[in-house]
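Chemist: no FASTA, just this:
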């Protein structure tokens, strides 16, 4: 009777699809579905999240606030990091920069010549001069900041007031403060470029009056550099000469002693003084046998007339007028008779002849940068010689030094000094390579010594877990493992128990419809429960098997 009651209860019609399960099973199914949907949505959002990149760095508080306000108006997402850094999505970087540039952002604390455009009417001459100086300093700061190693720059100009008195006139000076990027430095050539940039932008500003200081307070350039002989070009020239000489020495010796078996150091004493000489010499006149070249010749004659006082016995002869003087035919005053000479007076002739004189004018300018002296020190390693292995016995080795087992003997090596002849040849080669000059006082010292084998420096190994590739791989792996753990938790913690309870729940068997009754049954005859079970087993044996299985499972519990 109990079995018949159970069968009758299981043969009742089933309600809806979820009604067949227990409320706890239905809740677990709903929770599992919700968790799976949440995991899928979170994974999609995680993978689709935008990558942020730097928009601006080192922004002041004023510029940072203005940039963030402009980004909010443009509906562009942003992140504000430490150090005045603003980040935006990678695909919005260029668009945001162009839009902000159209608005004049970031403005920065440096003003240039745009300050002159906003001057009001009625400013005094002093205010106009101050604004011009501020604008000039701002433009110079912007130009210096365009250099790649420079992060920020400030320029201070000291422009004295113009005076009409030359005695009271003072030259302008300038100071430049540089803030370099981390790990960046400026060489002397770059510092000299900054100095010349500033001096060329300010009238009457000499390069020696420009001082450059970095953020650490180190004086990079000032007016005493040139006076102390610290010209960067001169130092580079000396270093170039020394490096070129060392390379020539090593290049000519390495094919002989082997690569890495020679070390050379050269010191060059260079004269950078500039000497200018002017000489004017006169050679003696040409010899007696040679005909002298006449440069100019002049002749002058002077005649002094005699006295016209009458003389002699008074009478007709003495009262005669004086006879006109006549020049002598042969040019000699002795031809005149005494009376005529006395009447003619005296005469004088001067002749001046100028001859050419040999004159040499020499102007000599001694070029700076000439080598005064070269000093070279060269060290050559000992020669490595293979030591022949000991003679093998007749039982263990053959004539080639190989044992019967096939193991080759490893030859030993030793180092030995070079011979005197070889050292003389190396010394001669070094002198030729460096351009040795005994007149300059050059010196060469070549030493043959055994090089010490340095211990292999093992670089400090970075821990495996600190390597960038490992960190990146760990992050990506962590994301995948976290997603997998969440998925397994939902599946095995929620979905699997729900499915297991569904599989173990008794199945509701619906009674066969009336039309399923056999047509041969006579009307009015009622089948017994046993016959109904037999008929059900014949028509649907699978259902009966499931019922019996559920009974067995309940009895086992």
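Modeler: All right, it came through fine. Here the structure is a predicted model, which is why all the values come from computation and not from measurement.

Chemist: for stretch 433-452, give me every contacting residue.
Modeler: Under the criterion CB atoms under 8 Å, 6 or more residues apart in numbering, residues 245, 248-249, 251-252, 261, 266, 371-382, 415, 417-418, 423, 426-427, 430-431 lie in contact with stretch 433-452. Just so you know, the C-beta spots here come from the backbone N, C-alpha and C atoms, and that holds for glycine as well.

Chemist: from the residues you listed, which land in strands?
Modeler: Among those, the members falling in strands are 266, 371, 372, 373, 374, 375, 376, 377, 378, 379, 380, 415 (criterion: DSSP state E).

Chemist: would you mind writing the ChimeraX command to select the buried ones in those?
Modeler: Selection of buried members from the ones in strands among the contacts of stretch 433-452 for ChimeraX, criterion 16 or more other CB atoms under 10 Å:
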select :266,371,374,376,378,380
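
Chemist: would you check which pair of the ones in strands among the contacts of stretch 433-452 lies furthest apart?
Modeler: Across those, the longest distance by CB to CB is 38.4 Å; it joins 372 and 415.

Chemist: tell me which of the ones in strands among the contacts of stretch 433-452 is nearest to residue 348?
Modeler: residue 372 (65.8 Å).

Chemist: pLDDT wise, what is the closest one at?
Modeler: The model reports residue 372 with a pLDDT of 91.

Chemist: ranges for the strands of the stretch 301-450 of the chain?
Modeler: Remark: strands assigned in the stretch 301-450 of the chain by DSSP state E, counting those that start in this stretch are 346-355, 359-366, 370-380, 383-387, 412-416, 443-448.

Chemist: need those strands in JSON lines with distance to residue 68, can you?
Modeler: JSON lines is the format used below for these (distance: least, CB to CB, whole Å):
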{"stretch": "strand 346-355", "distance to residue 68": "95"}
{"stretch": "strand 359-366", "distance to residue 68": "65"}
{"stretch": "strand 370-380", "distance to residue 68": "63"}
{"stretch": "strand 383-387", "distance to residue 68": "70"}
{"stretch": "strand 412-416", "distance to residue 68": "71"}
{"stretch": "strand 443-448", "distance to residue 68": "69"}
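
Chemist: residue 132 is nearest to which of those strands?
Modeler: strand 359-366 (43.4 Å).

Chemist: which other helices and strands does the closest one contact?
Modeler: With contacts taken as 3 or more CB pairs under 8 Å, 6 or more residues apart in numbering; DSSP states H and E, strand 359-366 sits against strand 275-282.

Chemist: pretty sure residue 282 is touching residue 361, no?
Modeler: No: using CB atoms under 8 Å, residue 282 is not in contact with residue 361; the gap is 10.2 Å.

Chemist: any low-confidence regions in the stretch 1-150 of the chain?
Modeler: For the stretch 1-150 of the chain, applying pLDDT under 70 flags the ranges 1-22, 24-26, 44-50, 83, 108-109, 113-115.

Chemist: if we can go back for a sec, deepest-packed of the strands of the stretch 301-450 of the chain, please.
Modeler: Mean neighbour count (mean count of other CB atoms under 10 Å) peaks for strand 370-380 among the strands of the stretch 301-450 of the chain, with a mean of 17.

Chemist: that one packs against which elements?
Modeler: Against strand 370-380 (3+ CB pairs under 8 Å, 6+ apart) you get helix 232-257, strand 262-271, helix 420-434, strand 443-448.

Chemist: average pLDDT across the third one?
Modeler: What that stands for is helix 420-434. Regarding helix 420-434, the rounded mean pLDDT is 93.

Chemist: may I see the buried residues of it?
Modeler: Result for helix 420-434 [16+ other CB under 10 Å]: buried residues 426, 427, 429, 430, 431, 433, 434.

Chemist: between those residues, which sits nearest residue 274?
Modeler: Distances from residue 274 to the buried residues of helix 420-434, taken by CB to CB, are shortest for residue 434, at 25.9 Å.

Chemist: distance check, the closest one against residue 260.
Modeler: Using CB to CB, to the nearest Å, we find residue 434 at a distance of 20 Å from residue 260.

Chemist: same question for residue 56.
Modeler: Distance, residue 56 to residue 260, using CB to CB: 51 Å.

Chemist: ok, now residue 51?
Modeler: Taking CB to CB as the measure, residue 51 falls 49 Å from residue 260.

Chemist: circling back to that earlier point, residue 56 and residue 260: which is more packed in?
Modeler: A side-by-side neighbour count of residue 56 and residue 260, using other CB atoms under 10 Å, places residue 56 first with 18 against 10.

Chemist: now for residue 213: which residues touch it?
Modeler: 175, 176, 177, 178, 219, 220.

Chemist: buried subset of those residues?
Modeler: Those of the contacts of residue 213 that meet the buried threshold are 175, 176, 177, 178, 220, by 16+ other CB under 10 Å.

Chemist: ranges for the helices of the chain?
Modeler: Taking DSSP state H as the criterion, the chain carries its helices at 2-10, 23-47, 61-73, 93-102, 125-145, 188-201, 224-227, 232-257, 338-344, 420-434, 468-490, 496-504, 529-539, 541-556.

Chemist: reformat these as TSV; add distance to residue 157.
Modeler: Supplementary listing: these in TSV, determined by distance: least, CB to CB, whole Å:
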stretch	distance to residue 157
helix 2-10	104
helix 23-47	56
helix 61-73	25
helix 93-102	29
helix 125-145	6
helix 188-201	8
helix 224-227	20
helix 232-257	24
helix 338-344	90
helix 420-434	49
helix 468-490	46
helix 496-504	80
helix 529-539	110
helix 541-556	99
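
Chemist: what's the closest of the ones you listed to residue 293?
Modeler: Nearest of these (CB to CB): helix 338-344, 38.7 Å.

Chemist: redo the buried residues of helix 420-434 as TSV? Include distance to residue 79.
Modeler: TSV is the format used below for the buried residues of helix 420-434 (distance: CB to CB, whole Å):
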residue	distance to residue 79
426	67
427	70
429	67
430	65
431	68
433	62
434	62
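
Chemist: out of those residues, who's nearest residue 365?
Modeler: For the buried residues of helix 420-434, the nearest to residue 365 is residue 434 (27.5 Å; CB to CB).

Chemist: residue 268 versus the closest one, what's the distance?
Modeler: The gap separating residue 434 from residue 268 is 10 Å, by CB to CB.

Chemist: quickly list what's touching both of those two.
Modeler: Counting by CB under 8 Å, 6+ apart, the contacts common to residue 434 and residue 268 are 245, 374.

Chemist: okay, now residue 212: neighbour count?
Modeler: 23.

Chemist: list the contacts of it.
Modeler: By CB under 8 Å, 6+ apart, the contact list for residue 212 reads 175, 176, 178, 191, 194, 195, 219, 220, 221, 222.

Chemist: list the beta-bridge partners for it.
Modeler: Per DSSP bridges, the residues bridged to residue 212 are residue 176, residue 221.

Chemist: got a pLDDT number for it?
Modeler: The model reports residue 212 with a pLDDT of 92.

Chemist: select, out of the strands of the stretch 301-450 of the chain, the one closest to residue 136.
Modeler: Of those, nearest to residue 136 by CB to CB is strand 359-366, at 39.4 Å.

Chemist: quick one: the helices and strands packed on strand 370-380 as TSV, columns for distance to residue 544 too.
Modeler: Below are the helices and strands packed on strand 370-380 laid out as TSV (distance: least, CB to CB, whole Å):
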stretch	distance to residue 544
helix 232-257	100
strand 262-271	102
helix 420-434	110
strand 443-448	109
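
Chemist: out of these, which gets nearest to residue 138?
Modeler: helix 232-257 (28.3 Å).

Chemist: name the helices or strands packed onto the closest one?
Modeler: Short answer (3+ CB pairs under 8 Å, 6+ apart): helix 232-257 packs on helix 188-201, strand 262-271, strand 370-380, helix 420-434.

Chemist: so which bits of the shortest one are buried?
Modeler: This means strand 262-271. 262, 263, 264, 266, 268, 270.
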